[in-house]
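Trainee: What would the 3D arrangement of this be:
(one chain, ligands or ions: 3)
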Amino acid sequence: MYIYYISYLNIPGGIDPHTHLNLNCMGMNTADDFYSGTKAALAGGTTMIMDFAIAHKGESLVEVYDKYRELADSKVCCDYGLHVGVSSWDDKVGTEMETLTKEKGINSFKTYLAYEENMLEDDELYRVYNKCRDIGALAMVHAENGKIIQMKAKELIDIGVTGPEGHVLSRPEEAEATQRAITIANQANCPLYVVHVMSKSAAKVVSVARRKGQVVLGEALAAGLGTDGTNYWNKCWRHAAGYVMSPPLRPDSSTPGYLMDLLANGDLQCTGSDNCTFNADQKAIGKDDFRLIPNGVNGLEDRMSVVWEKGVHSGKMDPCRFVAATSTAAAKVFNIYPKKGRIAAGSDADVVVWNPNETRTISAKTHNHAVDFNIFEGMICHGVPEVVITRGHVVVEDGQVNKPCKVEREPYTGPVIQVGAGTPEKKIPESPIIGDGTEFVSRGKTQSGGRNLHESSFAFSGAQIDDKDPKRIQTRVSNPPGGKSSGLW
Ligand SMILES: NC(=O)NCCC(=O)O
Ligand SMILES: [Zn+2]
Ligand SMILES: [Zn+2]
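Mentor: Ligands and ions are numbered 1, 2, ... in the order given. Purely as a prediction, here's the structure:
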């Protein structure tokens, strides 16, 4: 048990490696888009997200990637990267994976063992993993047994179980699918990143594989660490449906603590949010049939606070491990380190001044998300991002987002952290810099040349840490062409 008496910490901006800010589910788009989602991210201390450009069966991967770039580029308030989802296999898919890696800097491809429109057969999975190995990309997997889920869900509906609890009852723990994906990736000699590890049994499979020396990385989610599946039995249908996500939260109330133990000891490496939000009217499509409830929850804004509360405040992890689990490990795994995930000369000036002594209560009434529900409603979190700086620009002060975001893209008028010598317009409180964490994350053979990092549409990009004094941030505030900012703030 760690006990700390600490004041402010300067930590690298959080990196959320798992968001869906434009997912179309059953014809409905997520409530949070690249604008509201990344604004919420910054409010919570996350300065970079990684989203998924998911190609459905038969779709061109490159076209889908281009579409996501178009959707995101004009809206994001912070830097972002994309993983590409692969839902089928043929030679064209293989060629496109190569093109994406070589020409667009994509170094991670997500595969699915569930969702009818995305799931791959074992032989297809093997081929995709072979390709990932050949091009030096990291394979990712959503590990659930889609066919068994379909059958179990129908059985439940047939006996009259139509409510949100049917969602979790129909979905076996992911141990079997996780083991299968790891085995196939190992056969292909390919490193594997298991997204959203949600159950104890799946987490154990990841831990055991790592102990055997297999290059497997595991991702915990804020949802999985901060709440549990007992909510599916809540008497309020909207409440229960608000927690519907896949894989589901497990009803066993000891699961979140178990997952946190593994994140603290390094068996799990990264923390995402899987932010994929739907409003009440969208969730209500599944009122009479849980299979139609759009899957997904919030977490992008609250991820850092939840991990601090359940990890550091609870005494399970130290602040360095917190930095690794919320930022640095993701930067290393996805090949954007040390530009991201570290406070050091030459790194991007993404810095959070974290106040461990302040508390805040999470609520949908006050969050920055566009969605009308928050799965962490009422949770009191110690640990507040008091100042958030993205590429040298102060976007959050005293816990408040500096200036209401305007869709009309008004020029940014907030304070800018000082340029080299001289009087800073805004001082970062003197506090220890918590560096890149102590965790070494093995990337195995994954070493693609690309970087998969897209800059936010701020007109002020380019701020880096000053190499003469790493505590200072050097901004190169460049006037955008024509004097007009394309920034969002
Ligand atoms: N997780 C979830 O429920 N929705 C987003 C899609 C996915 O990641 O599987
Ligand atoms: Zn998934
Ligand atoms: Zn997801």
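Trainee: Confirm residue 230 sits in a helix?
Mentor: Yes - counting by DSSP: H, G, I helix; E, B strand; the rest coil, one finds residue 230 located in a helix.
Trainee: Thought residue 251 was touching it, still the case?
Mentor: Yes - with contact defined as CB atoms under 8 Å, residue 230 counts as touching residue 251 (5.3 Å). Yep, even glycine has a C-beta here, placed from its N, CA and C like the rest.
Trainee: Who does the residue lying closest to residue 80 once chain neighbours are set aside form a beta bridge with?
Mentor: Leaving aside its sequence neighbours, residue 80 sits nearest to residue 49 (CB to CB, 6 or more residues apart in numbering; 5.0 Å). Beta-bridge partners for residue 49, by DSSP bridges, are residue 16, residue 80.
Trainee: Tell me how many other residues surround residue 49.
Mentor: Look at residue 49: counted by other CB atoms under 10 Å, it has 30 neighbours.
Trainee: Now for residue 118, how many residues are close by?
Mentor: Other residues lying near residue 118 total 20 when counted by other CB under 10 Å.
Trainee: for residue 24, same thing?
Mentor: Residue 24: 12 surrounding residues under other CB under 10 Å.
Trainee: Ok, residue 90 next?
Mentor: Neighbours of residue 90 using other CB under 10 Å come to 11.
Trainee: Residue 256: which element?
Mentor: helix 255-265 (DSSP states H and E).
Trainee: May I see the buried residues of that helix?
Mentor: By neighbour count on 16 or more other CB atoms under 10 Å, the buried set for helix 255-265 is 255, 256, 258, 259, 260, 262, 263, 264.
Trainee: show me what contacts the residue nearest to residue 80?
Mentor: 15-17, 19, 21, 37-38, 41, 76, 78-81, 300 (CB atoms under 8 Å, 6 or more residues apart in numbering).
Trainee: If I look at it, what pLDDT would I see?
Mentor: Predicted confidence (pLDDT) for residue 49: 97.
Trainee: That one and residue 109, how far apart?
Mentor: 18 Å (CB to CB, to the nearest Å).
Trainee: go on, residue 78?
Mentor: Taking CB to CB, one finds residue 78 at 23 Å from residue 109.
Trainee: Which residue is the nearest non-sequential neighbour of residue 125?
Mentor: In space, residue 125 is closest to residue 184, 5.1 Å off (CB to CB, 6+ apart).
Trainee: Report the contact partners of the one you found.
Mentor: So residue 184 contacts 122, 125, 126, 129 (CB under 8 Å, 6+ apart).
Trainee: give the contact list for the one residue in the stretch 301-450 of the chain that gets nearest to ligand 1.
Mentor: Of all residues in the stretch 301-450 of the chain, residue 375 sits closest to ligand 1, at 11.6 Å by CB to the nearest ligand atom. Going by CB under 8 Å, 6+ apart, residue 375 touches 223, 226, 227, 231, 242, 243, 297, 298, 299.
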